[in-house]
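# Let's see this in three dimensions:
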Amino acid sequence: MLMTDRTEMEEKNIVLVADTEQEDERIDKVLAAYMEDVSRSFLQKLLKEGRVLVNERPVRASYRVRENDVIVFQIPPAVEPDILAEDIPLSVLYEDEDVLVVDKPKGMVVHPAPGHYSGTLVNAIMFHCKDGLSGINGVLRPGIVHRIDRDTTGSVIICKNDFAHQEIAAQLKEHSINRKYHAIVCGRLHDKEGTITGAIGRDKKDRKKMAICPEGKPAVTHFRVLQEFSAYTYVECKLETGRTHQIRVHMASIGHPLLGDEVYGRKSSSFQLQGQCLHAKTLGFVHPVTKKYVEVDAPLPAYFQHLLEILK
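Sure, this is the predicted structure:
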């Protein structure tokens, strides 16, 4: 675990002290764990430019950290990049002049991040919507009011103006949006349905992971069994809250991690998968303008349907 001696994000100068858990780890790996939203290539660039100092000396990416090393690194002043519209096909589930709901494919990142500014859902919706997107979340996240993980498929709502964004954001905050996910988990559940509660926060041992911890934010997941197989279970999970990796963390906490989830579950499986088997299937919300209830259903992706067939 890294102990933060002093963090001055405003000055873009961060000071850390390494402890025993970082002993003999590469400096680029240690920094990647601390800055989860920054790409490895961006960190490599910082190291090459001499912006990372260990005990007051610049180091290379291959440097092995020692306990009590004082690590100082600088983030260059933020420059808003030109996020380009890209003609990437979108599967539209619902659209009007205020909101757009799309079926995000597996492997697509929702919004750009340092070192990764193309091929995202934002690039695609900028092309699709032209100038018609809310600007509340800035240039990197126009129209984005919520997100799902890169390897999670399914429904994502996009807001085309600031009023719609504020209204949908308020519903998310009140936990009134109906969000149902379908997942395949390892093992057979003892109960056919139930509720998992447990506050979720950053894992103290690995900043790239989330964990159930007392100081985390309250999280509630309702689940019900849809179909049972010999060693796996097809379940529906309904979110009462929407914490980062909530379903993945909660299902793993009861001994049933998602199939394909190498972060919270098994490191390998007999199936050739790209990440966790998780699909945002149902998304229901009150329309920001008409005030009518709108519900969309994202069909299961082909890989998911194939898994259900071969598991029978």
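# Quick check: chain neighbours aside, which residue is closest to Met108?
Leu121 (5.7 Å; Cβ to Cβ, 6 or more residues apart in numbering). (Glycine included, C-beta is placed from N, CA and C.)
# nope, His256 is what I was after
His256's closest residue in space is Val185 (Cβ to Cβ, 6+ apart), at 4.2 Å.
# neighbours of the one you found, just the number please.
28 (other Cβ atoms under 10 Å).
# 609 is where my numbering starts, stick with that
Let's use 609 as the start, then, which means that last one is Val793.
# Averaged pLDDT, the helix or strand it falls within. What do you get?
Val793 belongs to strand 786-794 when assigned by DSSP states H and E. Average pLDDT, strand 786-794: 98.
# got the contact list for that strand?
Residues outside strand 786-794 that contact it (Cβ atoms under 8 Å, 6 or more residues apart in numbering): 760, 762, 834, 839-847, 850, 855, 859, 864-867, 873-874, 884-893, 903, 908, 912, 915-916, 919.
# Flag every buried residue along it.
Residues 787-794 are the ones in strand 786-794 that count as buried (16 or more other Cβ atoms under 10 Å).
# Show me which of the residues you listed is closest to Gln779.
Arg787 (10.6 Å; Cβ to Cβ).
# do you know how far that closest one is from Val673?
Distance, Arg787 to Val673, by Cβ to Cβ, to the nearest Å: 40 Å.
# Separate out the buried members of the contacts of strand 786-794.
Applying 16+ other Cβ under 10 Å to the contacts of strand 786-794 flags 760, 762, 840-847, 850, 855, 859, 864-867, 873, 884-893, 908, 912, 915-916, 919 as buried.
# Okay, and which of those map to strands?
Under the assignment DSSP state E, the buried ones among the contacts of strand 786-794 contribute 762, 840-847, 886-893 to strands.
# and Asp814, what does it touch?
Per Cβ under 8 Å, 6+ apart, neighbours of Asp814: Ala641.
# which residues in the protein form helices?
With DSSP state H, the ranges of helices along the chain come out as 635-642, 648-656, 729-737, 770-781, 854-861, 910-919.
# Outside of the first one itself, list whatever touches it.
Read that as helix 635-642. 610, 622, 624, 626, 630, 646, 648, 651-652, 654-655, 660, 662, 667-673, 679, 681, 814-816.
# What are the buried residues along it?
Quick answer for helix 635-642 (16+ other Cβ under 10 Å): 635-636, 638-642.
# Please apply the same query to the longest one.
Across helix 770-781, burial judged by 16+ other Cβ under 10 Å covers 772-773, 775-777, 779-780.
# And these, which two are furthest apart?
Ala772 and Leu780 (12.5 Å).
# Show me the contacts of helix 635-642 that map onto strands.
Counted as lying in strands by DSSP E, out of those, are 622, 624, 660, 662, 679, 681.
# Would you check how far apart the second one and Glu703 are?
So the one you mean is Leu624. Shown here: Leu624 relative to Glu703, a distance of 45 Å by Cβ to Cβ.
# neighbour-wise, which of the two wins?
The neighbour count for Leu624 versus Glu703, taken as other Cβ under 10 Å, is higher for Leu624 (22 against 15).
# Verify the contact between Asp706 and Ala772 for me.
Yes - judged on Cβ atoms under 8 Å, Asp706 makes contact with Ala772 at a distance of 4.3 Å.
# overlap in contacts of those two?
Common neighbours of Asp706 and Ala772 (criterion: Cβ under 8 Å, 6+ apart): 896-897.
# and stretch 826-845, how far from the chain's centre?
Its chain's average C-alpha position is 20 Å from that of stretch 826-845, according to Cα atoms, centre = their mean, to the nearest Å.
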